[in-house]
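> have a look; sequence and predicted model below, questions after that.
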Amino acid sequence: MRTMTRNDLMLLLGFAAVVLAMPIWLQPFGAAYPDLLQRFMIFGIFAVGFNILFGLTGYLSFGHAAFFGVGSYAAVWSFKLLSLDAIPAMIFAIVISGVFALIIGYLSLRRSGIYFSILTLAFAQMSYNLAYSVLTPITNGETGLQLTINDPRYLDRVFGDAMPGQPVPTLLGQSLGGFTGFYFCAAFLILTFFIAQRITGSPFGMMLKGIKSNQTRMNYTGVNTRPYTLAAFVISGMYAGLAGALMAVTDPLAGAERMQWTASGEVVLMTILGGAGTLVGPVLGAWIIKYFENIFSALNDSILARFWSFLPDGLDHTAVVVSGKFVGEGWFLTLGLVFVLIVVFLPGGVMEGVRRITTLVSPKSKPPASPESTSPQPQPAE
Amino acid sequence: MTQPNVVLHVADVHKRFGGLHALADIDLQVEEGQTHAIIGPNGAGKSTLLNVIIGKLAPTSGQVVFDGTVLTGRKPFQINQLGISRVFQTPEIFADLSVLHNVMIPALAKRDGAFKLNMLGSLEHESAVRAEAEHMLEDVGMLSSQKDRAGSLSRGDKRRMELAMCLIQHPRLLLLDEPTAGMSRHDTNTTIELLKKIKSRGMTKVIIEHDMHVVFSLADKISVLAQGRIIADGTPDQVRGNPKVQEAYLGGEVV
Ligand SMILES: Nc1ncnc2c1ncn2[C@@H]1O[C@H](COP(=O)(O)OP(=O)(O)OP(=O)(O)O)[C@@H](O)[C@H]1O
Ligand SMILES: [Mg+2]
């Protein structure tokens, strides 16, 4: 990489090493099984892409789950109509979600700040409702879109291998279950991280940061901000579509709930929790949320009862009832609480925490101006 | 009527804010390469006039012509791309970014135009733009703070940086809204020297200034604005001697 700086290259290599070694270093945490690891990768990609829009331009989209969902549907349709191979599915999903993002972004970006956020939310909810109603021939409504043995798979048929027992996504004939699926997703996370890194360090990325910092100045500096924000919107929409497609690769069933506003909100939380505007932060945010979601939503009252059993009678019952509100279905309550704490006490997210600790440990080195990572609040552009 | 060497012509411009007639019948001609000062008491409409020129405000009537091109109705970014940059009364800067990046962005906008999807390049390898930005920062005496976060600068430094952001675009017309306000005497003098230096490069400037020392050491022409009207204009000597100006604006001040 002739055009990469040493620091960028080190970061990329370090990141790749951490990702690829996850099946090893996550073992003590009980998180080293393929299903969860795949989700770490998929939502990492989602968050990295979301950050290209939100972290760099400051435009806060509340509707990115729509592109995730579109990516999933597109991938499943590619499995059904074209081939069980994952590559055409990914390409198809990225293109379709890109087109969607172009349309929704073009309309939403006519406004900024809260109005932009509301518009994206409205479009996403519209997509969600359409998926359940008018579009059921495409989405198969509440049942969700599934693979069947009778799918046409025209491409596979041309190559004469359209007769699998149970149709599952493959890569060059290799099934993508288990750890193979994880490494497949991991390759995409590393690739998309690299692309995000390049975008952030490019003149284009600099312009996006300028738009976030002061859009008025940008205008009087001769920059037409609209196409810049639209490009960022489409790129992040394509990231979301890619993540959605990977979701379909690892679990070939696309349902509309992936487009719901809670899913859009989740990626916002991931990005802010990790540190909006930083490269690594959003990925960390995604991993942390998916990890704790996995733990908390698995807890139930009998586990809690065992946990609190050291308390005196009566008190343990209260403890179980109260803590029971925060686990299982109540996981979102915990998430909301953590989010409030982060925004109030650590607005730069986990990455800011890391930075604060580093400066504490080495007090002699003044914190360098790292402007792209010090933006605390979600600042609506304009 | 427009003389061949008139580069900016504000023609019969009116601007009303509700009942307030902020600009009334303004006719202003700025000649190429000159420094044209606009002075007047607070609330006279000076900033409003600049806002009309750069497309921030649409005039109620009248139009602005720059080098044969009608500016009125164009977007701010288009007007900038025609070669007009502005220093604002309250600095408009990229507070979250480093000083160096603040100056590199306008240089990139000048080089790449209003939009360029330059995702493959790397800012680290834009050595020409970087060198130019560093050179510009050196000119305004801020090279040593290039890594600082712009938002943390003092008011005077923000102004100087904003000036560098404008100058790096080599605009044909530079609009300055009180560029020395908030600066120490020493910094004011450095800025005057800098502006004089640019003058010898032939850049046209419109400058709003309260500091008469600055006005009379820079201006070739002065227009005096009061309550939205130009009540006098001419060379510094003509304006200084004009009794209307003495009465309306300069008052007892010794100039
Ligand atoms: N966007 C606006 N909406 C309404 N009124 C405005 C607007 N901008 C300026 N004004 C009014 O127009 C008048 C002229 O304001 P302007 O800012 O042009 O004065 P100025 O000559 O620049 O004064 P100062 O020396 O204080 O900067 C003022 O009465 C101001 O309140
Ligand atoms: Mg003013």
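Cool, got the structure. Numbers count the residues shown, from 1 in each chain, chains lettered A, B, ... in the order given. Ligands and ions are numbered 1, 2, ... in the order given.

> geometric centre of chain A: which residue is closest?
Centroid-nearest residue in chain A, with C-alpha atoms, centre = their mean: A:Phe46, separated by 2.2 Å.

> quick check: closest non-adjacent residue to that residue.
A:Ala243 (4.0 Å; C-beta to C-beta, 6 or more residues apart in numbering or on different chains). (Each C-beta comes from the backbone N, C-alpha and C, glycine too.)

> and the helices in the stretch 51-200 of chain A?
A:65-81, A:86-108, A:113-132, A:136-139, A:154-158, A:178-201 (DSSP state H, counting those that start in this stretch).

> could you say which of the ones you listed is packed most deeply?
Compared across those, helix A:65-81 shows the largest average neighbour count, a mean of 28 (mean count of other C-beta atoms under 10 Å in any protein chain shown).

> mean confidence for it?
Here helix A:65-81 scores 91 as its mean pLDDT.

> backbone phi and psi for the residue of the stretch 101-250 of chain B found nearest ligand 2, please?
Closest residue of the stretch 101-250 of chain B to ligand 2, C-beta to the ion: B:Asp177 (5.9 Å). Dihedral pair for B:Asp177: phi -100, psi 100, per degrees, to the nearest 10.

> do you know how far it is from chain A?
12 Å (C-beta to the nearest C-beta, to the nearest Å).

> equivalent analysis for B:Ala181, please.
For B:Ala181, the distance to chain A - C-beta to the nearest C-beta - is 18 Å.

> tell me which residues are up against stretch A:8-24.
A:1, A:4, A:25, A:32, A:37, A:40-41, A:179, A:182-183, A:186, A:189-190, A:193-194, A:197, A:201, A:279-280, A:283 (C-beta atoms under 8 Å, 6 or more residues apart in numbering or on different chains).

> list the buried residues for the host helix or strand of A:Thr358?
Using DSSP states H and E, A:Thr358 sits in helix A:349-361. Buried positions in helix A:349-361, judged by neighbour count with 16 or more other C-beta atoms under 10 Å in any protein chain shown: A:349-352, A:354-355.

> low-confidence stretches in the chain?
I'll assume chain A. A:1-3, A:157, A:160-165, A:363-382 (pLDDT under 70).

> you looked at the wrong chain, it should be chain B
Checking chain B against pLDDT under 70 turns up B:1-4, B:248-255.

> the residue nearest the centre of it: which element?
Nearest to the mean C-alpha position of chain B, counting by C-alpha atoms, centre = their mean, stands B:Leu175 at 1.7 Å. Take DSSP H and E as the rule and B:Leu175 turns out to sit in strand B:173-177.

> same for that strand, what does it pack against?
helix B:46-53, strand B:84-87, helix B:155-167, strand B:204-208 (3 or more C-beta pairs under 8 Å, 6 or more residues apart in numbering or on different chains; DSSP states H and E).

> partners of that strand, with directions?
Applying DSSP bridges, strand B:173-177 is found paired with strand B:84-87 (parallel), strand B:204-208 (parallel).

> can the last one be found next to ligand 2?
Looking back up the chat, that one is strand B:204-208. No. Against ligand 2, strand B:204-208 shows no contacts by C-beta under 5 Å from the ion, the least distance being 6.4 Å.

> pretty sure the residue nearest to A:Phe46 is touching A:Phe50, no?
No. Between A:Ala243 and A:Phe50 there is no contact under C-beta atoms under 8 Å: 9.5 Å.

> which of the two has more neighbours?
Taking other C-beta atoms under 10 Å in any protein chain shown, A:Ala243 and A:Phe50 do not tie; A:Ala243 has more neighbours (33 against 30).

> ok, the more buried one - contacts?
A:42-43, A:45-46, A:49, A:68, A:71.

> how near is it to ligand 1?
44 Å (C-beta to the nearest ligand atom, to the nearest Å).

> now the strands for chain A?
Under the criterion DSSP state E, chain A carries strands at the ranges A:145-146, A:170-171, A:174-175, A:253-254.

> show me what the first one is packed up against.
Other helices and strands packing on strand A:145-146, by 3+ C-beta pairs under 8 Å, 6+ apart, are helix A:65-81, strand A:253-254.

> out of the ones you listed, nearest to A:Leu269?
With C-beta to C-beta as the criterion, A:Leu269 lies closest to helix A:65-81 of those, at 12.3 Å.

> tell me what the residue of the stretch 101-250 of chain B closest to ligand 2 is bridged to.
B:Ile208.

> I'd say it and B:His210 touch.
No. Proximity of B:Asp177 to B:His210 does not meet the contact threshold set by C-beta under 8 Å, at 10.7 Å.

> so which of the two has more stuff around it?
More crowded of B:Asp177 and B:His210, by other C-beta under 10 Å: B:Asp177, with 21 against 14.

> against A:Leu147, how distant is the more buried one?
According to C-beta to C-beta, to the nearest Å, B:Asp177 and A:Leu147 sit 65 Å apart.

> A:Ser72 too?
Relative to A:Leu147, and taking C-beta to C-beta, A:Ser72 is found at 13 Å.

> what of A:Ile272?
When A:Ile272 is compared with A:Leu147 (using C-beta to C-beta), they lie 36 Å apart.

> which of these two has more residues huddled nearby?
The neighbour count for A:Ile272 versus A:Leu147, taken as other C-beta under 10 Å, is higher for A:Ile272 (28 against 19).

> so who does A:Ala74 touch?
A:89, A:92-93, A:95-97, A:241, A:244-245.

> test my guess that B:Glu178 contacts B:Gln89.
Yes. Taking contacts as C-beta under 8 Å, B:Glu178 lies within contact range of B:Gln89: 5.4 Å.

> nearest to ligand 1: which residue in the stretch 101-250 of chain A?
Nearest residue of the stretch 101-250 of chain A to ligand 1 (C-beta to the nearest ligand atom) works out as A:Thr216 at 13.5 Å.

> which residues touch the closest residue to that residue other than its chain neighbours?
Distances taken as C-beta to C-beta, 6+ apart place B:Glu92 nearest to A:Thr216, at 5.7 Å, with adjacent residues excluded. The neighbourhood of B:Glu92, defined by C-beta under 8 Å, 6+ apart, consists of A:214, A:216-217, A:220, B:162.

> now the residues you listed in TSV, with neighbour count?
Output for these, formatted as TSV (neighbours: other C-beta atoms under 10 Å in any protein chain shown):
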residue	neighbour count
A:Asn214	23
A:Thr216	14
A:Arg217	22
A:Tyr220	25
B:Glu162	26
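
> check the separation of the first and last residues in stretch A:104-118.
12 Å (C-alpha to C-alpha, to the nearest Å).

> what's the answer for stretch B:69-79, then?
Span of stretch B:69-79 from end to end, C-alpha to C-alpha: 10 Å.

> burial count for the nearest residue to A:Trp287 once chain neighbours are set aside?
Nearest non-adjacent residue to A:Trp287, counting by C-beta to C-beta, 6+ apart: A:Phe40, 5.2 Å away. A:Phe40 has 24 neighbouring residues, counting by other C-beta under 10 Å.

> ok now do A:Phe40, which residues does it touch?
By C-beta under 8 Å, 6+ apart, the neighbours of A:Phe40 are A:22, A:286-287, A:290-291.

> which one of the residues you listed sits closest to ligand 1?
A:Ala286 (43.8 Å).

> list the contacts of the closest one.
A:40, A:43-44, A:46-47, A:267, A:270, A:274.
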